[in-house]
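>>> Pasting a predicted model and its sequence here:
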Amino acid sequence: MAFNISNFKSSFERYGGPAKANLFEIQLSKLPRFMPENKQMDYLREIKFFCSEVTFPAININTSEIAHAGQMLKRYPTAVQNPGPLSAKFLVDSDHQILTFFHNWSQQIVQYSKRGGAFAETDGKLPHEVGFKNDFACDLLIKHFTTDSFPNTYYEAKLYKVFPVAVGALALNWEGASSFLSLDVQFSAEDMEFSSDKTGKTGDRSKRGGGLLDILGDIAGFADTVRGTVKSGRPTSIQDAVNRLNRLGNAIDNLGDNI
């Protein structure tokens with residue numbers, strides 16, 4: 001069948017058309033503790049306007065190759081990698097508030113500055129002293145909106161315990177009078193979730209048994225039931241036959257619940 005551009009366009013339009021790279025915003029769900037309380041709400045509202053570029057996080061799965069006799073190498077999943085590094089680009093304002101924000105944030109992670117002396121404390125940390133993660137990490141939300149421009153229609157990535165690991169340099173030059181400065185920042189994150197993720201339920205694992213020992217115990221119990229049924233010979237009555245079938249059925253159910 002020949003390719004039909006009209007069918008392609010109509011099929012694409014059923015899903016809202018092509019996604020646009022510029023329809024996004026970022027949000028900090030909470031700011032690091034170093035931020036003054038009187039400025040926190042301003043940054044929560046306004047930092048999204050300065051972020052001109054951000055990388056939507058990927059899902060990377062680690063794999064290992066296993067060689068089977070007489071077969072090609074096979075690759076099996078082993079773990080999922082932590083998200084990151086997450087790259088973002090921020091417009092630099094003339095008052096250097098964005099630059100100050102990320103430099104102060106970095107100083108809370110590792111006190112890189114000796115301003116005040118080699119033994120001068122800043123927020124309780126000596127030079128080159130590392131802070132506590134709960135004091136400098138925050139949560140980051142990335143929302144990618146649909147082309148319909150509905151405010152509540154978006155795909156979201158939420159990253160937990162985020163902090164910058166690289167605050168880029170600024171390239172200053174005399175020929176850049178008509179250009180705008182931007183700041184490259186790379187973030188590390190501990191965990192992530194997407195708006196399409198299925199929600200798990202606490203306790204589902206316990207319904208399946210406690211693991212290998214439970215499975216082996218159920219197999220042994222099933223074998224004992226079968227062995228006892230065989231040794232007891234022919235049923236002495238209809239009720240005896242029904243009881244034996246019930247015992248076998250219960251043993252099979254217990255085995256099936258944990259496998």
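Done, it's in. Numbering: from 1, shown residues only.

>>> Show me the shaky parts of the stretch 51-200 of the chain.
When the per-residue scores of the stretch 51-200 of the chain are filtered using pLDDT under 70, the ranges that remain are 149-151.

>>> Tell me where the stretch 1-150 of the chain has strands.
In the stretch 1-150 of the chain, strands defined by DSSP state E, counting those that start in this stretch lie at 24-28, 51-54, 61-66, 74-80, 86-91, 138-145, listed in chain order.

>>> Out of these, which is closest to S178?
strand 86-91 (14.9 Å; C-beta to C-beta). C-betas here are computed from N, CA, C, even on glycine.

>>> who does the closest one pair up with?
Taking DSSP bridges as the criterion, strand 86-91 pairs within the sheet with strand 51-54 (antiparallel), strand 182-188 (antiparallel).

>>> Give me the buried positions along it.
86, 88, 90 (16 or more other C-beta atoms under 10 Å).

>>> Dump those into JSON lines; add distance to K133 as well.
Below are the buried residues of strand 86-91 laid out as JSON lines (distance: C-beta to C-beta, whole Å):
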{"residue": "L86", "distance to K133": "17"}
{"residue": "A88", "distance to K133": "20"}
{"residue": "F90", "distance to K133": "23"}
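
>>> circling back: any chance of the strands paired with strand 86-91 in CSV, plus distance to I219?
Conversion of the strands paired with strand 86-91 to CSV gives the following (distance: least, C-beta to C-beta, whole Å):
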stretch, distance to I219
strand 51-54, 52
strand 182-188, 45
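
>>> Can you lay out those strands as CSV showing mean neighbour count and distance to D139?
Converted to CSV, those look like this (neighbours: other C-beta atoms under 10 Å; distance: least, C-beta to C-beta, whole Å):
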stretch, mean neighbour count, distance to D139
strand 51-54, 16, 15
strand 182-188, 18, 11
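
>>> any chance of the strands of the stretch 1-150 of the chain in CSV, with distance to G131 too?
Compiled in CSV, those are given as follows (distance: least, C-beta to C-beta, whole Å):
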stretch, distance to G131
strand 24-28, 18
strand 51-54, 24
strand 61-66, 30
strand 74-80, 27
strand 86-91, 20
strand 138-145, 13
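
>>> on that earlier part again, closest one to V110 among the strands paired with strand 86-91?
When those are compared for distance to V110 using C-beta to C-beta, the nearest one is strand 182-188, at 12.9 Å.

>>> Can you give the contact residues for the closest one?
Strand 182-188 is touched from outside by 52, 82, 84-92, 98-99, 102, 140, 159, 162-168, 170, with contacts defined as C-beta atoms under 8 Å, 6 or more residues apart in numbering.

>>> If we use 7 Å, what do you get?
If you take C-beta atoms under 7 Å, 6 or more residues apart in numbering as the criterion, strand 182-188 is touched by 52, 84-92, 98-99, 102, 140, 162-168, 170.

>>> sorry, back to before: so for G116, which of the strands paired with strand 86-91 sits nearest?
Of all the strands paired with strand 86-91, it is strand 182-188 that lies closest to G116, at 25.6 Å by C-beta to C-beta.

>>> In a strand, E193, correct?
Yes. In this structure, E193 lies within a strand as judged by DSSP: H, G, I helix; E, B strand; the rest coil.
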